[in-house]
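Asker: got a predicted model here, sequence first, then my questions.
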Amino acid sequence: MTHPAAPERTEGHLADLYFRLQEACRQAVRRGAPQRALVLSRRATVAARATRRPDLLHRAATSRSMVLLELGQVRDAEKGLREVVLESADNEVICRAAFYLASSLRRQRRMSRALFFARKAADKAEELEDPVWQARCHNLLGNIQMNQGQLDEALVNYQEALCIWRGLPGDHRFATAIVLDNIGYCQTLEKRLDDGITTISEALELALEIGDRRTEAECRQDLAHAHLLAGRPEEARGHAEAALTLAEAAGFRDILQNSIYILGEVAALEGDDAARDAYFARLQSFFPEFPYLRDFLRMFDLSDILTFH
């Protein structure tokens, strides 16, 4: 008995499959499920390759980078994006690639190159007249300026991003929470601790409303840092432990490391040397190339000068 042959997948069917996988990937990121998003981004890449369409391969590269950034794999997130910026003829794709490349470079502390690509992304967003990407680029430029210690300039960009998000129709709580957290953390770095805690708490409420675990974890990390700087170890510990639990469950490597460090400083503030040493020893395990990190952290409190974004 013969069976009818399976219908051949056309380029159109594969393209439709790619876009469905890409959207599912994006939603997984919004839910704070980066491991699931990584699986979906890999499937989307396979579908894009099957179409043999360069534009979909370029889009797949930017989606992969987005997911890797969520996972804290910042070096891997950089791969392939320069080629997309150079080869693509689609301004939206160029904008996305330049944006994620700048994000990766920023988190590697390669600020001059990050600023170059962030400005390129912002220029493309202006050409597109796309308020969503304009807002995202303002937020990214604010991040770079915050990392460079240019807090006044950063706040201008963050406020511009917030104004755009709040003026757009639809539900933009995901993006609004991210910008509010950045504003609050900038206020914290300016030692406006009460203002920072209030703003970050507003961001945390939004993240909890929509179930965004990544932003929740980042808000809790930032609240822990603010309370630590304010000399309130009990409040700092509660948020840092919550951030640590979220980071362990979802694989947020950067937040995991930051939360362990904060908990070590909380223990030091409380005079619990055994707990301090245990946390710093755990942090040391992430950095075998710096064998004296634990001893250094035992001797010097860096919580007043570190930036966790």
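Answerer: In hand now; what should we look at? The shown structure was predicted, so the numbers you read here are calculated from the model rather than taken from an experiment.
Asker: counting by contacts, list what the helix or strand in which Ser104 is found packs against.
Answerer: Using DSSP states H and E, Ser104 sits within helix 91-107. Applying 3 or more CB pairs under 8 Å, 6 or more residues apart in numbering; DSSP states H and E, one finds that helix 91-107 contacts helix 54-70, helix 74-78, helix 81-87, helix 111-128, helix 131-147. For every residue, glycine as well, the C-beta is placed using N, CA and C.
Asker: so which of those helices gets nearest Ala98?
Answerer: Set against Ala98 and scored by CB to CB, those come closest in helix 111-128, at 3.9 Å.
Asker: the closest one vs helix 131-147, what angle?
Answerer: With axes from the mean of the first three to the mean of the last three CA atoms, to 10 degrees as the basis, helix 111-128 and helix 131-147 are set at 160 degrees to each other.
Asker: chain center to helix 111-128, what's the gap?
Answerer: Chain-centre distance of helix 111-128: 17 Å, with CA atoms, centre = their mean, to the nearest Å.
Asker: can I get that helix in PDB, CA atoms only?
Answerer: The C-alpha coordinates for helix 111-128 follow below in PDB (Å, rounded to 0.1, in the frame of the first residue of the first chain):
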ATOM      1  CA  MET A 111      31.800  51.900  25.500                       C
ATOM      2  CA  SER A 112      33.200  53.900  22.500                       C
ATOM      3  CA  ARG A 113      32.100  51.100  20.000                       C
ATOM      4  CA  ALA A 114      28.800  50.700  21.900                       C
ATOM      5  CA  LEU A 115      28.100  54.400  21.500                       C
ATOM      6  CA  PHE A 116      29.000  54.200  17.700                       C
ATOM      7  CA  PHE A 117      26.500  51.400  17.000                       C
ATOM      8  CA  ALA A 118      23.900  52.900  19.400                       C
ATOM      9  CA  ARG A 119      23.900  56.100  17.400                       C
ATOM     10  CA  LYS A 120      23.700  54.200  14.200                       C
ATOM     11  CA  ALA A 121      20.600  52.400  15.500                       C
ATOM     12  CA  ALA A 122      19.100  55.700  16.600                       C
ATOM     13  CA  ASP A 123      19.700  57.200  13.200                       C
ATOM     14  CA  LYS A 124      17.900  54.300  11.500                       C
ATOM     15  CA  ALA A 125      15.100  54.600  14.000                       C
ATOM     16  CA  GLU A 126      14.700  58.300  13.000                       C
ATOM     17  CA  GLU A 127      14.700  57.300   9.300                       C
ATOM     18  CA  LEU A 128      12.000  54.700   9.900                       C
END
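Asker: what are the contacting residues of that helix?
Answerer: Contacts with helix 111-128, where a contact means CB atoms under 8 Å, 6 or more residues apart in numbering, come from 85, 91-92, 94-96, 98-99, 101-103, 105-106, 133-134, 136-138, 140-141, 144, 147-148.
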